[in-house]
Structure formats: C-alpha cells, structure tokens
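Visitor: I would like the atomic coordinates for the input below:
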Amino acid sequence: MRILRPLYTVRRILIEVGGADITAANRKEQTPLHKACELNRWSIVAILLEAAKRTLDLASLEQWIMHHDLDGNTAMILAVKKRAEKTAEIMLQEGIDANHCNERRESALHCACAEGVAAIVKTLIKAITRSEQHM
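Guide: Residues are numbered from 1 along each chain as shown. Okay, here's the model as predicted:
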C-alpha cells in the first residue's frame, strides 16, 4: 500500500473538489500558483493549472497566470528565479508567456541567465521561438 504525502493529498482534494480559491492572493499579492512556483512544487503547479483550465474562462485564466506579486513577478518568473526547472517546463508546456517582464523589466529568460541555469535557458529559448513562429 502506497502512502501519499498528507499535505499533497490535502492540497489536491481542496483544489480538485473545488473548495479552494486558486485565484486568492496573500499580502504579497501572491496566488497559490506563485507560492507553488516559488517553492518548486511542480506537482502542485500541474494540479493548479488543470483546475484553472476547468474553472476559469479564458480571460480570467490569462489574468490569473499573468498576475504580478508586489515585486511585479509572475509565477513563471518566480519559478525561474528559484531554479525550478521542472516547474518552468510544466508552465511552458501549458503555453505560459515566457516573454513577460516584471517591474524591473526582467523576463524569465533574463532571470534564467542571471541564475546560470542552462537547462531553463534552453527551454525558454525553444518556447519563445515556438511562440514567435505561431504569430
């Protein structure tokens, strides 16, 4: 018998059953997506993205994904700043804009280069190239 990690299970139940507001922001204006990215909780990021696609209309989904915290960072930028490779990859697979800049005019690519994470740099460049080809 496999025992699941209790916090993961509780989070999944709260999100999937619909009892948790995935758009709620804390005092730093961070949503649950921001916190999951900041802490490199890629499995939670995947659950949040799936829940958002099921429950939010397209405009609300885009607004939620691009929501800035008080420092102007999107969840994607936080994931990159925390060197969260898998988390960034999941977000990019969902089509999240890799070109968006924070208030310091830093994009996810700027942050990946500053952090020296070659794998994220490569993934971001591929995603940016794909999005530009579809324009």
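
Visitor: Where is the longest helix in this protein?
Guide: If you go by DSSP state H, the chain has its longest helix at helix 118-133.

Visitor: Low-confidence ranges, the protein, go.
Guide: By pLDDT under 70, the weakly predicted segments of the chain are 1-19, 133-135.

Visitor: And for the longest helix of the chain, what's in contact with it?
Guide: 80, 83, 85, 88-89, 92, 95, 97-99, 108-109, 112-113 (CB atoms under 8 Å, 6 or more residues apart in numbering). The C-beta positions use only the backbone N, C-alpha and C, and glycine is treated the same way.

Visitor: ok, 10 Å please
Guide: The contact list for helix 118-133 (CB atoms under 10 Å, 6 or more residues apart in numbering) reads 76, 79-80, 83-89, 91-93, 95-99, 107-113, 115, 117.

Visitor: in the protein, which spans are helices?
Guide: Counting by DSSP H, the helices of the chain are 6-17, 32-38, 42-55, 58-65, 75-81, 85-93, 108-115, 118-133.

Visitor: Just want the phi and psi numbers for His68.
Guide: phi -100, psi 140 (degrees, to the nearest 10).

Visitor: Find the nearest non-adjacent residue to it, please.
Guide: Once flanking residues are discounted, His68 sits nearest to Thr74: 6.2 Å by CB to CB, 6 or more residues apart in numbering.

Visitor: neighbours around the one you found, how many?
Guide: Neighbours of Thr74 under the rule other CB atoms under 10 Å: 25.

Visitor: ok, now the one 10 residues further on?
Guide: Number of residues near Ala84 (other CB under 10 Å) recorded here: 24.

Visitor: State the distance from it to Leu56.
Guide: 23 Å (CB to CB, to the nearest Å).

Visitor: I'd like to know which of the contacts of helix 118-133 are buried.
Guide: Neighbour counting with 16 or more other CB atoms under 10 Å marks 76, 79-80, 83-85, 87-89, 91-92, 96-98, 107-113, 117 as buried within the contacts of helix 118-133.
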